[in-house]
Every structure is written in structure tokens, then in C-alpha cells.
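1. Here is a sequence with its predicted model. Questions after.
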Amino acid sequence: MRDVAQRLLEWYDRHARVLPWRVPPGGSRADPYRVWLSEIMLQQTTVAAVKSYFERFIQLWPDVHSLAAADDSAVMAEWAGLGYYARARNLLACARQVAAEGGFPVTRAGLQTLPGIGPYTSAAIAAIAYDQPETVVDGNVERVVARLFAVETPLPAAKRELVDLAETLTPNGRSGDYAQAMMDLGATICTPRNPACVICPLSDGCAARRLGIAPELPRKAPRKAKPQRAGIAWVVTDGTSILLERRPPKGLLGGTLAFPSTGWDGGAATAPLDAAWRKLEPIQHVFTHFSLEMQVHLAKTNAPAARGHWVRLDHFNPADLPGLMRKVWARAAPEIAR
DNA sequence: CAAACGTGGGT
DNA sequence: TACCCAAGTTT
């Protein structure tokens, strides 16, 4: 039986996905800035969702120095809709630190000191941008390794064991190709459900396939029930502008642009002004750890606001808002237009 | 270590 | 429909 890494790389040479941030197999070294930017965007986020965001960021900020010089509000607006907004805040903090230091660190340990870069991302940048034989372990690799070695311990308890096993497979050459090959295999062949074992280049040596339990691995601890919460969002217009506010820099939707709201996140508990509110049909939204029913209250008034700032409707771009607030706007906008 | 942290797509 | 999942990090 040939080496796992060798078989995987031969498969990758023929089947590597073509992605905007990727250098073709066997190609030149990737730009650390592009690798870093894509890896941050890809954290817990699908390739399909990331593509257009990556292209726009590269157009606007082609290198770490231009990104470091960007306004916070511009970056938050471009990130809006992608989720996990701490990533965007850390992205800017990281860019400014890297620009000040003259470039990215070139070791995994150095990379991991930067904001937003943890065990996975540091290994990915070291392997893909610097061709270092660091072992990259994301959800794909956890699944591939759990199946190859038939690890039946549930996650997250199995994490340490899976990392140790993954390290035994990492080759010394073609580090970037190998890391991306493992992830491509997990994403396209060794999938969570209905893995395509019949066409898998590693099926010969796969213990889970031999045991007939590949689709069941990795096992996972049962997850907690999702609580239901309720809140109110106030949409105010004076006929020319609408009232928006910047959310606090930490916590849920931290740093994003939003309609004044309350009741669901522990924030301020009163309306931004007194008005005759019209209650629209509530919107539904699901976060990672709770479900939300958001009442949408609409008013037209010239009264002064206790908080937030007015944004002219002809300068307002709903795409600058996070997903939840886009839904609020989609509910209110047709009523404002009437 | 468990919990917080978004969103959209697949089954 | 309801649940699972996606190139995780931070606290």
C-alpha cells in the first residue's frame, strides 16, 4: 500500500478545485496576504459564500498595507452578511499589526500570536504560503482522519487524538498542496453524509470503510437545545433619512451597523424616540445559539433621536447591514416607499 | 472546557 | 420541517 500522502497528492493533481485564492497544484508559492484573508473568511463559512467577498476585498484592498489604512466602517460594511463579525474586527487589527511590523511572521508560532489567527489558521498559512510541513486540522481533516483510523471517540473529546493521528500523515514536501488536498477530499469525497468511498483515493487504507461505519464518523456529542428570544427593532424615517446606530464593539453583531433595537441581546431597553409606532409583521432569524423573533416598529417623525445617527436614504445601502438587519429593512422598506 | 459568536445551503 | 454543517477563535 502506497503512502497516504502520496496517493492524496496524485489525486489532488487531477482533481484540485479551482478557487480564487488558490495557486494550482505544483504552482508557485501563494501570496501570504491572500492566503490569510481567505483563511479568515473561510472560518466556519462555506467556499460558496466566501468567493464574492474575497474578490471584493482584493479589489478594494489588494495588499495588507491598503487594508491596514482602511476605515473600520468601510471594512465592516464590506464584511456585512458574512457573519462572525469578530473576524472582521480582528482582520483589521491583524492587518495594522502586520503592516506596522513590515510583513507577516513566517512561522506558525509567530502567526498564532496575531488576532484572529488560531491553531488551524496559523498552520494553514505556514503550509500554504511558506511551504512548511505544519499539520492543518479543520473539520474536513477531523472527518477524514476519524474515518481513516476508525476513531469512535466523539468530538470534541477526540480532538487531541485526531490531531496526533493527522500529524503522522503529514509529508515533508508539497506542504501547501497536501493541506489543501486533505480539505478538498473532505469537502468533495469524504463528505459528512453519503461519502463517495467508491471513488476515494484513500479507500484501500480506510478502517471505517472496512468496518462499514464511515458515514457514522466522526461521532459528536449531542448538542444543546436552542432557546427562543424576542426583540424589537425600530425603523424611523423623517422622509429623507433613516436612523441607524453602530453596535457596541464586542458581543453579538459587534461593530456592525444596525437599526436601534432591544430585548434580545441585553442592550438598551427603550425606543430611540417617542412616536406613534406602526407594528409590522415580525421577522424570524436563527443564530448559532438562539432563535429570534424580532418585532419591527415603524414610524415617520421629525422628533429628535436619543441615540443613533441619521443616514440619508439616497446614501443608504442595506448591503452594509448584517443579515438580521437586512431582514428588518426588507420588512420595513416597502411600507416606507408607499 | 463550555459557551458565544452569523449565515446560508443541503438533506 | 428541523437539524446538520462550513478552511475556528476567543473568553
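-> Structure received.
2. quick one, phi/psi of the residue in the stretch 51-200 of chain A that DNA strand C sits nearest to?
-> In the stretch 51-200 of chain A, the residue found nearest to DNA strand C is residue A:118; the distance is 2.6 Å by C-beta to the nearest atom of the strand. C-beta here means a position set from N, CA and C on the backbone, and glycine is covered the same way. The phi/psi pair for residue A:118 (degrees, to the nearest 10) reads phi -110, psi -160.
3. wouldn't it be in contact with residue A:108 here?
-> No: counting by C-beta atoms under 8 Å, residue A:118 stays clear of residue A:108, with 10.9 Å between them.
4. In contact with the residue of the stretch 51-200 of chain A closest to DNA strand C, which residues?
-> residue A:112 (C-beta atoms under 8 Å, 6 or more residues apart in numbering).
5. how much space between residue A:24 and residue A:17?
-> Distance of residue A:24 to residue A:17, given as C-beta to C-beta, to the nearest Å: 10 Å.
6. do residue A:331 as well
-> 37 Å.
7. In terms of neighbours, single out the busier of the two.
-> The residue with more neighbours, out of residue A:331 and residue A:17, is residue A:331; 18 against 12, by other C-beta atoms under 10 Å.
8. what about that one, helix or strand, and which?
-> helix A:323-337 (DSSP states H and E).
9. list the helices and strands that helix packs on?
-> Counting contacts by 3 or more C-beta pairs under 8 Å, 6 or more residues apart in numbering; DSSP states H and E, helix A:323-337 packs against strand A:228-237, strand A:278-286, strand A:291-300.
10. what do you get if the cut-off is 10 Å, keeping everything else the same?
-> On a contact count with 3 or more C-beta pairs under 10 Å, 6 or more residues apart in numbering; DSSP states H and E, helix A:323-337 meets strand A:228-237, strand A:241-246, strand A:257-258, strand A:261-262, strand A:278-286, strand A:291-300.
11. can you put the ones you listed in TSV and add distance to DNA strand C?
-> TSV is the format used below for these (distance: least, C-beta to the nearest atom of the strand, whole Å):
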stretch	distance to DNA strand C
strand A:228-237	11
strand A:241-246	19
strand A:257-258	20
strand A:261-262	23
strand A:278-286	7
strand A:291-300	9
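12. Out of these, flag the one nearest residue A:210.
-> Set against residue A:210 and scored by C-beta to C-beta, the helices and strands packed on helix A:323-337 come closest in strand A:278-286, at 38.7 Å.
13. Now do the buried residues in the closest one.
-> A:280, A:282, A:283, A:285 (16 or more other C-beta atoms under 10 Å).
14. show me the contacts for the second one.
-> Taking C-beta atoms under 10 Å, 6 or more residues apart in numbering as the criterion, residue A:282 is in contact with A:230, A:231, A:232, A:233, A:292, A:293, A:294, A:295, A:296, A:328, A:331.
15. Please identify the residues of chain A in proximity to DNA strand C?
-> A:17, A:19, A:21-22, A:38-39, A:42-47, A:84, A:86, A:90, A:115-122, A:124, A:138-140, A:143, A:180, A:183-184, A:186-187, A:191-192, A:220, A:223, A:226, A:288 (C-beta under 7 Å from any atom of the strand).
16. Quick check: residues of the stretch 151-300 of chain A near DNA strand B?
-> Counting by C-beta under 7 Å from any atom of the strand, the stretch 151-300 of chain A sits next to DNA strand B at A:156-157, A:193-194, A:224, A:251-254, A:285-289.
17. What's the ChimeraX syntax to select whichever of these are buried?
-> Buried members of these, identified by 16+ other C-beta under 10 Å, are gathered into one ChimeraX selection as follows:
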select /A:252,253,285,287
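18. from the residues of the stretch 151-300 of chain A next to DNA strand B, which ones fall inside strands?
-> Counted as lying in strands by DSSP state E, out of these, are A:285, A:286.
19. Which entry within the residues of the stretch 151-300 of chain A next to DNA strand B corresponds to the minimum pLDDT?
-> Ranked by pLDDT, these bottom out at residue A:224 (88).
20. End to end on stretch A:74-89, go ahead and measure it.
-> 11 Å (C-alpha to C-alpha, to the nearest Å).
21. do that stretch and DNA strand B meet?
-> Yes: judged by C-beta under 7 Å from any atom of the strand, stretch A:74-89 comes into contact with DNA strand B at A:81, A:82, A:83, A:84, A:85, A:86.
22. Narrow the residues you listed to those in strands?
-> Of the residues of stretch A:74-89 next to DNA strand B, none are assigned to strands by DSSP E.
23. will you turn the residues you listed into JSON lines that also has neighbour count and pLDDT?
-> Conversion of these to JSON lines gives the following (neighbours: other C-beta atoms under 10 Å; pLDDT from 0 to 100):
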{"residue": "A:81", "neighbour count": "18", "pLDDT": "98"}
{"residue": "A:82", "neighbour count": "17", "pLDDT": "98"}
{"residue": "A:83", "neighbour count": "17", "pLDDT": "98"}
{"residue": "A:84", "neighbour count": "14", "pLDDT": "98"}
{"residue": "A:85", "neighbour count": "21", "pLDDT": "98"}
{"residue": "A:86", "neighbour count": "15", "pLDDT": "98"}
